[in-house]
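> below are the sequence and a predicted model for it; my questions follow.
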Amino acid sequence: MKKFFAIVFLSVLLFATDYGAMSTQELLAIMNYTIVKKDQKAILDELKSREKEMSAKEKKEYLKNLQILKKQNAKK
């Protein structure tokens, strides 16, 4: 039984995405293409935590993508 739970736990870890390990540019690139709401929220939370350290260019792209995302979600 312990082996079963160990295998299940490791499987969950393998399929979990660590957005904290991704670069800001990678997150900005996938921000509007994420279909799963849970993943979209995780990406937005990670970007929000990085907002203070973003360059002016990254922040501009982030805000632009955020507006696009809001419009997409409003249509649904």
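Good, I have the coordinates. This structure is a prediction, so every number in the text was calculated from the model and none was measured.

> element containing residue 62, please.
Element membership of residue 62 [criterion: DSSP states H and E] is helix 56-75.

> so what touches that helix?
Contact with helix 56-75 is made by 24, 25, 28, 31, 32, 40, 44, 47, 51, 54, as judged by CB atoms under 8 Å, 6 or more residues apart in numbering. Yep, even glycine has a C-beta here, placed from its N, CA and C like the rest.

> can you point out the buried residues in stretch 31-48?
Within stretch 31-48, the residues that count as buried by 16 or more other CB atoms under 10 Å are 31, 34, 40, 42, 43, 44, 46, 47.

> count of neighbours near residue 67?
Residue 67 is flanked by 10 other residues according to other CB atoms under 10 Å.

> where does the protein have low pLDDT?
Where the chain drops to pLDDT under 70, the residues are 1-16, 34-35, 76.

> tell me the centre residue of it?
Per CA atoms, centre = their mean, the C-alpha nearest to the average position across the chain is that of residue 43, at 1.8 Å.

> so what secondary structure elements neighbour the helix or strand hosting that one?
Residue 43 belongs to helix 37-50 when assigned by DSSP H and E. Applying 3 or more CB pairs under 8 Å, 6 or more residues apart in numbering; DSSP states H and E, we find helix 37-50 packed against helix 24-30, helix 56-75.

> can I get those helices in a markdown table with distance to residue 17?
Output for the helices and strands packed on helix 37-50, formatted as a markdown table (distance: least, CB to CB, whole Å):
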| stretch | distance to residue 17 |
| --- | --- |
| helix 24-30 | 10 |
| helix 56-75 | 18 |
